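**Q** Using only what follows, build the 3D model:
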Amino acid sequence: DVQLQASGGGLVQAGGSLRLSCAASGFTFDDYTIGWFRQAPGKEREGVACVSSSDGSRYYEDSVRGRFTISSDNAKSTVYLQMNSLKPEDTAVYYCNAQRGLANYWGQGTQVTVSS
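**A** Model (predicted):
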């Protein structure tokens, strides 16, 4: 079975840092683009960052570029999202996602709350 297990969320003050992890299993990790999405209350889910496990190319949403860093450890089939200089507007449920062609898998989400 495909599983994406997200962890690392929590409550942090503005300006603080968190590192999210997404452990993948049940599919060939190297063949997929792995990303992080987030959804704040009352808002649509939005893409935050993604990384291609095959060539390492990365994408960042404008509001997080320079503050967040996505990385992958192919040996562990795990993707990380290092989040620095957190802002209250980063508060959301963060979801891990894996995509390849029509295949699209989601993790269960982890809550990130940034207090002002």
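**Q** how far away is Ser21 from Gly101?
**A** Ser21 sits 25 Å away from Gly101, going by Cβ to Cβ, to the nearest Å. Bear in mind the C-beta positions are built from the backbone N, C-alpha and C, glycine included.
**Q** Same drill for those two, tell me which one is more crowded.
**A** Counted by other Cβ atoms under 10 Å, Ser21 and Gly101 do not tie: Ser21 has more neighbours, with 17 against 7.
**Q** which residues touch that one?
**A** Residues near Ser21 by Cβ atoms under 8 Å, 6 or more residues apart in numbering: Ala6, Ser7, Gly8, Thr78, Val79, Tyr80.
**Q** can you list those residues in a markdown table and add neighbour count and distance to Arg65?
**A** Below are the contacts of Ser21 laid out as a markdown table (neighbours: other Cβ atoms under 10 Å; distance: Cβ to Cβ, whole Å):
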| residue | neighbour count | distance to Arg65 |
| --- | --- | --- |
| Ala6 | 22 | 21 |
| Ser7 | 14 | 24 |
| Gly8 | 16 | 20 |
| Thr78 | 18 | 22 |
| Val79 | 29 | 17 |
| Tyr80 | 18 | 17 |
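**Q** ok, so of the residues you listed, who is nearest Val114?
**A** Nearest to Val114, judged by Cβ to Cβ, of those is Gly8 at 13.8 Å.
**Q** Phi first, then psi, for that closest one.
**A** phi 110, psi -10 (degrees, to the nearest 10).
**Q** Pretty sure Ile70 sits against Ser57.
**A** No. The criterion here is Cβ atoms under 8 Å, and Ile70 misses it with Ser57 at 10.6 Å.
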